[in-house]
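1. Coordinates only, no sequence provided:
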């Protein structure tokens, strides 16, 4: 075996330029597979890690029923059906540690001569612990401030930096306006710890205000019965093992409260997000891999082409080998080994170049939410390396069979006479 | 009896025309003979050589090589016979490009599945006086040296016969004599059967028996008288070769 590889390397070394060009197809194909799959895998790993870091014992209740469970989900109805009272009722369930209702809206913030377009999240005192958003400076919103509809705000780290680039924001006044209306003034009482931009949006680029204040003074969508709508209720469950149980309890409770038979709300868990995301990312990765795989096939055809030329050129050599006793299978093996050596060599170089590209891509700064930048993570899995390696060997084998068979069937007398 | 052919014919079909290259040839060649097959082009001597060398099979008639009937053999079986019993030496040397002499000589043993190839290849190169050129590639060797590598390759599997097709056709007179000397020495010292296919009387008179072929038939088959036999393996010359 080692001697047939040496013979193959000698034959390939005889025409280095041609061999390199032949390998190029495989090199490009394999490096594309490796680089593209590394992006898919990296994104998957990054988002999974983020979702998991939020905690796996969280449930999210949103108004409106889901249209479809198959992959991409969207709200079929934009029904405003959740209220603060629903949130309190869910919080009273035995499996539930706490609930944190929230409303979200876009807003224009003005302070200190700077303005910043961002998102306002109306929250309660419980939000900081349920969603794990501790403050870096000052205090989080208190229960008294929620009850009293106080005009106070806790700024996300990005917002604080944009509005107060070189001053202490605590105690300063920020003017907020929603939908172009005249705004209201808020006093800054805290700044959250930076968490960094993520695939799920930038939690640093938001301003937290008591939910009651948002509803009363800035923005309120009303339910059918006239109560202000809540956009999400974050539910912290006692433990992960009670998730399914709790989902059905909440369902029963809300259906009873809303007096409906069909759900007018949706309950999702972190695991649901994770599953959906993994499904999408998996499909995406496969798609990228398949596109890159096409170039591998093209590379294989290149190998076949050159091998056919090579068999014709080396007719006399084949004649000599047959004259000294080579059987068909000896010649077949020789040319197959040659085709596989080309493709595996190309595959190995492709893996190296693809990994290099993956490393390079992970260095590129991409714009994240809130004017910051983040990097695109890449991950070169051992499985994609193994896959690329075996696929390139298989390509060599497959596209080498025809030329090698032709070589093995040559008539020795005619082959010896060939000029 | 190393070679025994009885009433062998060979007909080629070229388009719709049948060409009878051999029209009934019978011939026996014993172990250790030194024979020349002569004839003008078109006489059928190349066809005879291809059949003797098991590169081709007769259309009719019988060919026994060391008692084994070759006629009914398939391609791969013929390859096995070639590998064990026949050594070829060609006019154009037919060495593999870019391959060191030692590996050229090892090649028949690779296909015959012989172990300990390096030592045997070295011994064969020594027998043709080229042990100091083992690592040289064809482009680094003279014509005579290349033909000596080819002879080493032909004899390394200890074949029953060596078939030499115009082995000196591409060489000058002096080198031709050297090469013929090697064949004569191998024949004399090892009892190797050597069959030359040639149209040069000069070469033929270096053998002991001359077979003439014309139009696919043997026209004469004569021993070379001792007075006309030319020795090229003169002791002094043999020494110079080694």
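-> Yep, it's here. Just so it is clear, the model here is predicted, and its values are computed rather than measured. Numbering: from 1, shown residues only, chains lettered A, B, ... in the order given.
2. ok, now which ones touch the residue in chain B that chain A sits nearest to?
-> Using Cβ to the nearest Cβ, the point where chain B gets nearest to chain A is residue B:83, with a distance of 2.5 Å. (Glycine included, C-beta is placed from N, CA and C.) By Cβ atoms under 8 Å, 6 or more residues apart in numbering or on different chains, the contact list for residue B:83 reads A:324-326, B:108, B:111-112, B:157.
3. Kindly recompute the last result at 10 Å.
-> A:322-327, A:330, B:54, B:108-114, B:157, B:159 (Cβ atoms under 10 Å, 6 or more residues apart in numbering or on different chains).
4. Which other helices and strands does the helix or strand containing residue A:277 contact?
-> Under the criterion of DSSP states H and E, residue A:277 resides in helix A:270-313. Contact here means 3 or more Cβ pairs under 10 Å, 6 or more residues apart in numbering or on different chains; DSSP states H and E; on that basis helix A:270-313 packs against helix A:16-53, strand A:58-63, helix A:243-258, strand A:265-269, helix A:315-323, helix A:328-361, helix A:382-408.
5. sorry, back to before: just give the nearest non-adjacent residue to the residue of chain B closest to chain A, would you?
-> Residue nearest to residue B:83 in three dimensions, not counting chain neighbours: residue A:325, with 2.5 Å by Cβ to Cβ, 6 or more residues apart in numbering or on different chains.
6. Residue B:74: neighbour count?
-> By other Cβ atoms under 10 Å in any protein chain shown, the residues close to residue B:74 number 10.
7. repeat for residue A:360
-> For residue A:360, the tally of surrounding residues (other Cβ under 10 Å) stands at 11.
8. check contacts around it.
-> Each residue near residue A:360 by Cβ under 10 Å, 6+ apart is listed here: A:35, A:378.
9. cool, and residue B:179?
-> Residues in contact with residue B:179, defined by Cβ under 10 Å, 6+ apart, are B:89, B:128, B:143-144, B:147-148, B:150-151, B:164, B:167-168, B:171, B:203, B:206, B:232, B:241.
10. Now go through those residues and say which are in strands.
-> Within the contacts of residue B:179, residues falling in strands by DSSP state E are B:89, B:164.
11. The contacts of residue B:179: which ones sit near chain A?
-> Here is what survives when the contacts of residue B:179 are matched to chain A using Cβ under 10 Å from any Cβ of the partner chain: residue B:150.
12. State whether residue A:191 is indeed within a helix.
-> No. Secondary structure of residue A:191, determined by DSSP: H, G, I helix; E, B strand; the rest coil: strand, with no helix assignment.
13. Report pLDDT for it.
-> According to the model's per-residue confidence, residue A:191 sits at a pLDDT of 92.
14. residue contacts, it?
-> Neighbour list for residue A:191: A:135-138, A:153-157, A:159-161, A:164, A:168-170, A:204 [criterion: Cβ under 10 Å, 6+ apart].
15. can you give me the helices in chain B?
-> Per DSSP state H, chain B has helices spanning B:45-52, B:75-85, B:101-112, B:117-127, B:143-155, B:173-190, B:201-204, B:235-241. These are given in chain order.
16. Let's have those helices in CSV, adding mean pLDDT and distance to residue B:16.
-> Converted to CSV, those look like this (pLDDT from 0 to 100; distance: least, Cβ to Cβ, whole Å):
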stretch, mean pLDDT, distance to residue B:16
helix B:45-52, 93, 20
helix B:75-85, 93, 26
helix B:101-112, 94, 38
helix B:117-127, 94, 47
helix B:143-155, 95, 39
helix B:173-190, 92, 42
helix B:201-204, 87, 37
helix B:235-241, 47, 52
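17. Point out the most buried one among those.
-> The highest mean neighbour count among these belongs to helix B:143-155 (a mean of 25), with neighbours defined as mean count of other Cβ atoms under 10 Å in any protein chain shown.
18. Which strands and helices lie in contact with it?
-> When contacts are defined as 3+ Cβ pairs under 10 Å, 6+ apart, helix B:143-155 packs onto helix A:315-323, strand B:86-89, helix B:101-112, helix B:117-127, strand B:161-165, helix B:173-190, strand B:193-198.
19. With distance to residue A:121 as extra columns, can I get these in CSV?
-> Formatted as CSV, the helices and strands packed on helix B:143-155 follow (distance: least, Cβ to Cβ, whole Å):
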stretch, distance to residue A:121
helix A:315-323, 76
strand B:86-89, 89
helix B:101-112, 77
helix B:117-127, 80
strand B:161-165, 94
helix B:173-190, 97
strand B:193-198, 98
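20. follow-up on the earlier one: state the distance from the residue nearest to residue B:83 to residue B:138.
-> In this structure, residue A:325 and residue B:138 are separated by 20 Å, where distance is defined by Cβ to Cβ, to the nearest Å.
21. between the two, which one's more packed in?
-> In this comparison of residue A:325 against residue B:138, neighbours counted by other Cβ under 10 Å, the higher total goes to residue A:325 at 27 against 19.
22. doesn't residue B:109 make contact with the more buried one?
-> Yes. Here residue A:325 lies in contact with residue B:109, judged by Cβ atoms under 10 Å, at a distance of 9.0 Å.
23. Find the residues that touch each one of those two.
-> Between them, residue A:325 and residue B:109 share the neighbouring residues B:83, B:157, with contact defined by Cβ under 10 Å, 6+ apart.
24. pLDDT score assigned to the residue nearest to the spatial centre of chain B?
-> Averaging the C-alpha coordinates of chain B gives a centre point, and the residue nearest to it by Cα atoms, centre = their mean is residue B:163 (1.4 Å). In this prediction, residue B:163 carries a pLDDT score of 95.
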